[in-house]
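S.K.: Please find the sequence and the predicted model below.
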Amino acid sequence: MMEYKNILYVIENGIAIVKINRPKALNALNAETVRELNNLMQDISVDKTVKVVVITGEGDKSFVAGADIKEMSTKNAVEGRAFGQIGQDAFTFIENMSQPVIAAVNGFCLGGGCELACACDIRYASDNAKFGQPEVTLGITPGFGGTQRLPRVIAKGPAKEILYTGQLIDAQEALRLGLVNKVLPQEELMDAVLKLANKIAKNAPIAVQLTKAAVNRGINCDVITGISYEAEVFGLCFSTDDQKEGMGAFVEKRKPTFTGK
């Protein structure tokens, strides 16, 4: 993998930790950073050693404070649309990449940051986290998928209130709304996220990845179509070594050793 200007990453024990690294800008997403993130995630997606991905922000103040307003402020309509497309492409890839992705939200999670978090499968937050989609206060709409993913992650009414008002909510309100799975003290956040990532990574990788695919496919279609796809991936599991190992270990009363095959 190449080196990146605005992103740090490390892969250890089957877990890729990806960190947005623009702390002086509160990890705001300029076009360069979004492109780097997209390139890195595409590389990670084909790395069979990576079972789970964690995305977070550098420092203890911000996950991602939004898209880079200074960069956006001079764009015309065509350039604005192109910038939005860059973000949408990157976040859609993250949403649909085979490995589960966990957002460790450590501080401000606004605009593009909230959109990035919503593209992840699971979100844990520090107790100082702030969430919001303040785009309407800047004269624009969300552009990286916020109008579509936020109402799918939480209920439509609360999502519309957040989107229409531009108001920020704290971590406890985000928990109440189901925007995050858990809230922890700042110093405990990454340990809890890595504990979760390791728990997922110990399971059969193909089964986890097919489960993610089934959920994502089904959430956007009717139930009958969704369960039809589930039947296909369920059957596919029986062609894997991991299915034989998992069920064999259960029958033999031992812990399974999955190989991702």
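M.R.: That came through, no problem. Note that this is a predicted model, so its numbers are computed, not measured. Numbers count the residues shown, from 1 in each chain.
S.K.: Now the residue sitting nearest the centre point of the chain. Nearest residue, chain neighbours left out?
M.R.: Centroid check for the chain by Cα atoms, centre = their mean gives residue 120 as the closest residue, at 1.7 Å. In this structure, residue 120 finds its nearest non-sequential neighbour in residue 103, 4.0 Å apart by Cβ to Cβ, 6 or more residues apart in numbering. In short, each C-beta sits where N, CA and C put it, glycine included.
S.K.: what ranges do the helices span in the stretch 1-150 of the chain?
M.R.: In the stretch 1-150 of the chain, the helices defined using DSSP state H, counting those that start in this stretch lie at 31-45, 69-72, 77-96, 112-119, 146-153.
S.K.: deepest of the ones you listed, which one?
M.R.: helix 112-119 (a mean of 29; mean count of other Cβ atoms under 10 Å).
S.K.: Run the angle between that helix and helix 31-45 for me.
M.R.: Our comparison of helix 112-119 with helix 31-45, counting by axes from the mean of the first three to the mean of the last three Cα atoms, to 10 degrees, yields an angle of 20 degrees.
S.K.: for helix 112-119, packing partners?
M.R.: Secondary-structure packing of helix 112-119 (3 or more Cβ pairs under 8 Å, 6 or more residues apart in numbering; DSSP states H and E): strand 62-64, helix 77-96, strand 101-105, strand 130-132, helix 146-153.
S.K.: For the third one, list every residue counted as buried.
M.R.: Translated: strand 101-105. Applying a neighbour-count criterion of 16 or more other Cβ atoms under 10 Å, one finds 101-105 buried in strand 101-105.
S.K.: ok so, going back, show the pLDDT at the residue nearest to the centre of the chain.
M.R.: pLDDT, residue 120: 98.
S.K.: residue contacts, it?
M.R.: Remark: with contacts taken as Cβ atoms under 8 Å, 6 or more residues apart in numbering, residue 120 is in contact with 55, 94-95, 101-103.
S.K.: What residues are bridge-paired with residue 183?
M.R.: Note on residue 183: beta-bridge partners residue 125, judged by DSSP bridges.
S.K.: Tell me if I'm right that it and residue 131 touch.
M.R.: No: with contact defined as Cβ atoms under 8 Å, residue 183 and residue 131 do not form a contacting pair (11.3 Å).
S.K.: between these two, what contacts are shared?
M.R.: If you check residue 183 and residue 131 against Cβ under 8 Å, 6+ apart, the residues they both contact are 125, 171, 174.
S.K.: the bottom helix or strand of the chain by mean pLDDT?
M.R.: Per-element confidence for the chain was summarised using mean pLDDT, DSSP states H and E. The lowest value among helices and strands belongs to helix 69-72, with a mean of 88.
S.K.: in this structure, which ranges drop under the pLDDT threshold?
M.R.: For the chain, residues meeting the criterion pLDDT under 70 lie at 1.
S.K.: tell me the domain ranges of it?
M.R.: Residue ranges of the domains in the chain are recorded as 5-199, 203-250, according to the TED database.
S.K.: for these, which one sits closest to residue 256?
M.R.: Relative to residue 256, the nearest member of the domains of the chain by Cβ to Cβ is domain 203-250, separated by 3.7 Å.
S.K.: how many neighbours does residue 257 have?
M.R.: Burial of residue 257, expressed as a neighbour count using other Cβ atoms under 10 Å, amounts to 10.
S.K.: Same question for residue 11.
M.R.: If we define neighbours as other Cβ under 10 Å, then residue 11 has 15 of them.
S.K.: Make sure it is actually in contact with residue 48.
M.R.: No: assessed by Cβ under 8 Å, residue 11 is found out of contact with residue 48, at 11.5 Å.
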